[in-house]
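J.: got a structure for you, letters missing:
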């Protein structure tokens, strides 16, 4: 390789070079200017902005949760039911639930009734974040949301300040007087 300016070799070859005696005379006669180093404020480097046009990438947003529920959640009491053919709960079952709530001095506005048939993709974490329940009542196996596995039938469970009860669905209670009695005894304690 022939290089016209030998100073350029240090940029091409980054290893140490040793000069032959015949080449030393060439470099001794040349005047090498040392770079002048000026002290200045440190340079703040900003990342280069790519100004080339790029395809617009669609923005991916997580959809906000929107639940269709009955009640106003004034006392943070979440009731989960499962009625595939109803918006919230069957009328006869709603009347029975309201009677039970009245005995516990609750109104419909104090609770939230959420039909899990309409929100089957909802997890217990999403429900807890959205409704912030202090009391949770699950009426029937089908009303259990995704991610909730540690509840036993008719055994209240307290975790921190939350109390959860998984019990019979209204269809199971309407078919059995014993189931109604068991449910009422558990509701008194909830």
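T.: Noted; the coordinates are in hand. No experiment lies behind these values; they were computed from the predicted model shown.

J.: can you map out the strands along the protein?
T.: 69-71, 77-81, 111-115, 135-139, 157-159, 162-167 (DSSP state E).

J.: the ones you listed: lowest mean pLDDT?
T.: Per-stretch mean pLDDT for the strands of the chain is lowest at strand 157-159 (a mean of 87).

J.: which other helices and strands does it contact?
T.: Here strand 157-159 touches strand 162-167, going by 3 or more C-beta pairs under 8 Å, 6 or more residues apart in numbering; DSSP states H and E. In short, each C-beta sits where N, CA and C put it, glycine included.

J.: give me the contact list for the strand it packs on.
T.: 128, 133-139, 144, 151-158, 182-183, 186-187, 190 (C-beta atoms under 8 Å, 6 or more residues apart in numbering).

J.: now the strands of the chain in JSON lines, with distance to residue 89 and mean neighbour count?
T.: Listed next are the strands of the chain as JSON lines, based on distance: least, C-beta to C-beta, whole Å; neighbours: other C-beta atoms under 10 Å:
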{"stretch": "strand 69-71", "distance to residue 89": "7", "mean neighbour count": "19"}
{"stretch": "strand 77-81", "distance to residue 89": "5", "mean neighbour count": "24"}
{"stretch": "strand 111-115", "distance to residue 89": "6", "mean neighbour count": "24"}
{"stretch": "strand 135-139", "distance to residue 89": "9", "mean neighbour count": "24"}
{"stretch": "strand 157-159", "distance to residue 89": "23", "mean neighbour count": "10"}
{"stretch": "strand 162-167", "distance to residue 89": "15", "mean neighbour count": "20"}
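
J.: Throw the ones you listed into CSV and include distance to residue 176, thanks.
T.: As requested, those are exported to CSV (distance: least, C-beta to C-beta, whole Å):
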stretch, distance to residue 176
strand 69-71, 25
strand 77-81, 18
strand 111-115, 22
strand 135-139, 14
strand 157-159, 23
strand 162-167, 12
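
J.: what about the residue nearest the centre of the chain, distance to residue 119?
T.: The residue lying closest to the centre of the chain (C-alpha atoms, centre = their mean) is residue 126, at 7.9 Å. Going from residue 126 to residue 119 by C-beta to C-beta, to the nearest Å gives 9 Å.
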